[in-house]
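> Provided below for reference: sequence and predicted model.
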Amino acid sequence: MKILVTGGAGFIGSAVVRHLLANTQDSVINVDALTYAGNTESIPPELRSERYIFEQVDICDAAEITRVFNQHQPDAVMHLAAESHVDRSIDGPGAFIQTNVVGTYTLLDAAREYWQNLPEQRKKQFIFHHISTDEVYGDLPHPDELPANSELPLFTEETPYAPSSPYSASKASSDHLVRSWQRTYGLPTVITNCSNNYGPYHFPEKLVPHVILNALAGKTLPVYGDGSQIRDWLFVEDHARALCLVVKSKRVGETFNIGGHNEKRNLDVVRTICELLDELAPEHRAEGITQYADLITFVKDRPGHDARYAIDASLVQRELGWAPEENFVSGMRKTVLWYLNNEAWWQRVLSGKYKLGRLGEGE
């Protein structure tokens, strides 16, 4: 297949691109605007070949998106391009509406026109895969709020949408657009909603890399509120495998929830990282610090902070045979080791040097 991946220089998108180039014979057209979190260095040079093309294009640019479709003639779209950081959406929601809503509309309409003009056989094979988040469902009751020994509810594919933040509302909006383009125009689409991802090449503003890099620098490790919020953690390479299974399954009209079966309190995530660093990098502890957990600092909670997310991923396991290969401990160990062994990558991100060579950006 020839697959157009939007946001392929981002965290999850680059994992998808790496998986496709390393484990399949598919060709990839990587479309990314290279906003602050996009990093072409997340695709190692050894994976780039004649099967890989990069296009620095904003998905809101209708003319350029149309050109990309017509020039490269993809068999499928995997749409991952999105603004995704909740804190940024609270401070500046406009960028999230523009990219996640207007950008998805622009991409859908270009895809519809392209698909409608394909020869009949290729038209039947085309699929538009929209990658979304479990945050569109709002949140679930916290175990502390429920009677002892009661069964904990999970997000399923039928859970009603109830987004809590500008970010999740913008993603919910994009999900609705995708479904409406299928219902109204017949565009073949599939949607996946995932839980919290972690792993290599994660931009340092997110919780896991932020904690790792702050700890190595001897800085405080901020935890919102009391750290009791619960998330389901999914190793990004497991997620990439699932996404590639979904796009090739061509299950038009389906929605699949993808989760890691790893519910953890935010505070426990931070403590786990600290314990791994105590084991793997004790020499980096700051003077006067006997263990990395001494750096944990509780800060004012985020507005509208969701209490708990948890995914029921049984449908994708039953229908497509996918299950995560990493549990929380093994995946987090791999993640911490990656950051310890790839300082050059994250130092270039922290210094801003990863931006060199972009369109409109010089030395």
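Happy to help now that I have it.
> those helices in the stretch 101-250 of the chain, which residues are they?
104-116, 120-125, 166-185, 207-216, 236-249 (DSSP state H, counting those that start in this stretch).
> Select, out of those helices, the one closest to H72.
helix 104-116 (10.2 Å; C-beta to C-beta). Placement of C-beta: from N, CA and C, glycine included.
> in the closest one, what's buried?
By neighbour count on 16 or more other C-beta atoms under 10 Å, the buried set for helix 104-116 is T104, Y105, T106, L107, L108, D109, A110, A111, R112, Y114, W115.
> ok, now stretch 74-85?
Buried positions in stretch 74-85, judged by neighbour count with 16+ other C-beta under 10 Å: P74, D75, A76, V77, M78, H79, L80, A81, A82, E83, S84.
> Would you format those as a markdown table with secondary structure included?
Below are the buried residues of stretch 74-85 laid out as a markdown table (DSSP: H, G, I helix; E, B strand; the rest coil):
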| residue | secondary structure |
| --- | --- |
| P74 | coil |
| D75 | coil |
| A76 | strand |
| V77 | strand |
| M78 | strand |
| H79 | strand |
| L80 | coil |
| A81 | coil |
| A82 | coil |
| E83 | coil |
| S84 | coil |
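> And those, which two are furthest apart?
In the buried residues of stretch 74-85, the most distant members under the criterion C-beta to C-beta are D75 and E83, with 27.3 Å between them.
> Between the two ends of stretch 138-150, how far is it?
21 Å (C-alpha to C-alpha, to the nearest Å).
> Now do the closest residue to P93 other than its chain neighbours: how many residues are near it, please.
Spatial nearest neighbour of P93, excluding adjacent residues (C-beta to C-beta, 6 or more residues apart in numbering): P166 at 3.6 Å. Other residues lying near P166 total 22 when counted by other C-beta atoms under 10 Å.
> Need the pLDDT of P166.
Looking at P166, its pLDDT stands at 94.
> Pipe the helices of the stretch 101-250 of the chain into CSV and attach distance to L152 per row.
What follows is the helices of the stretch 101-250 of the chain, written out as CSV (distance: least, C-beta to C-beta, whole Å):
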stretch, distance to L152
helix 104-116, 32
helix 120-125, 40
helix 166-185, 21
helix 207-216, 22
helix 236-249, 22
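> Among these, which comes closest to V16?
helix 236-249 (4.8 Å).
> got a list of contacts for the closest one?
Outside helix 236-249, the residues that touch it by C-beta atoms under 8 Å, 6 or more residues apart in numbering are 1, 3, 11-12, 15-16, 18-20, 23-24, 76, 78, 127, 129, 131, 190, 192, 194, 197-202, 256, 258, 260, 316, 319-322, 324-326, 331.
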